[in-house]
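Visitor: The following block contains a protein sequence and its predicted model.
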Amino acid sequence: MRRFKCVISYDGTDFSGYQVQPQRRTVQGELEKALKTIHKNQTVQVFASGRTDASVHAVGQVIHFDTPLHIPTEKWGQALAANLPDDITIRNVQGVNPDFHARFHAVRKEYRYRVLNHKLSDVFRRRYTYHVPYEINIDVMKEATNFLIGTHDFTSFCSTGSPVEDKIRTIYQLEILIEEDEIIFSIQGNGFLYNMVRIIVGTLLEVGTGKRDVKDIKDIILAKDRAMAGKTAPGHGLYLWEVDYK
């Protein structure tokens, strides 16, 4: 058996998330379907760096799988692409040690969230950006990010349905970038809780539109109460951008 690591991109619009679900189209489902075809009806399980929700996109999702086939490494990308739908792309394939794990060996992830800040919506970007037509104060949002960087208990920024008990995470970097009429939130951390990035973005947008004060962020963190934070920003503006390994 050989183990392969793949970097993949996908348009999350028409998927019910990454993880396999009965009677629903998912990224993992399409990947395992392609591998099953390549392996002549033999089931091959795929492991990812993490799950993404419905409509969430990925530029640099990482997966791994094991195979008994002797297909050369450089041919795997072509073999997978021939059996995958157009909304999943294989960016890179490499052989790795048999103890490598796409999820457990990840040490840093970067997510990006795109906001279209224009009074008019854009029909060509409606699936890839969150449209906010109101004036947004970038400077106060940047000031608010200082409270989020570092190691904290992020219970207030985690969906109440999450079964994870340890809510302590570290955010290494949180930048707010401007590209023409888009605001891009770039967040790097050692791991993220369920809906954590989307809740952070939703809360920062409330600061930027004057619904909250900058100093509220510190109180929200200390409260450890999801009800204290802002709304969860919609999934279609979110991208799993990059995953780093030790």
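Guide: Received the coordinates, thanks.

Visitor: count of neighbours near the closest residue to His105 other than its chain neighbours?
Guide: Of all residues not flanking His105 in the chain, Tyr245 sits nearest, at 5.2 Å (CB to CB, 6 or more residues apart in numbering). For every residue, glycine as well, the C-beta is placed using N, CA and C. Tyr245 has 14 neighbouring residues, counting by other CB atoms under 10 Å.

Visitor: Kindly report the same for Gln28.
Guide: With other CB under 10 Å as criterion, Gln28 counts 19.

Visitor: And it, its phi and psi?
Guide: phi -60, psi -40 (degrees, to the nearest 10).

Visitor: That one and Tyr18: what is the separation?
Guide: Separation of Gln28 from Tyr18 (CB to CB, to the nearest Å) stands at 6 Å.

Visitor: same deal with Val123?
Guide: Taking CB to CB as the measure, Val123 falls 27 Å from Tyr18.

Visitor: The two: which is more packed in?
Guide: Remark: of Val123 and Tyr18, Tyr18 carries more neighbours, 26 against 7, as counted by other CB under 10 Å.

Visitor: Please list all residues in contact with the more buried one.
Guide: If you count contacts by CB atoms under 8 Å, 6 or more residues apart in numbering, Tyr18 has them with Thr26, Val27, Gln28, Ala48, Gly50, Arg51, Thr52, Asp53, Ala58, Gln61.

Visitor: Apply 10 Å and report the result again.
Guide: Contact analysis of Tyr18 by CB atoms under 10 Å, 6 or more residues apart in numbering lists 10, 12, 26-29, 31, 46, 48-54, 56, 58, 61, 63, 240.

Visitor: and if you look at Ile136?
Guide: Per CB under 10 Å, 6+ apart, neighbours of Ile136: Val115, Asn117, Ile176, Ile183, Leu204, Leu205, Val207, Gly208, Thr209, Gly210.
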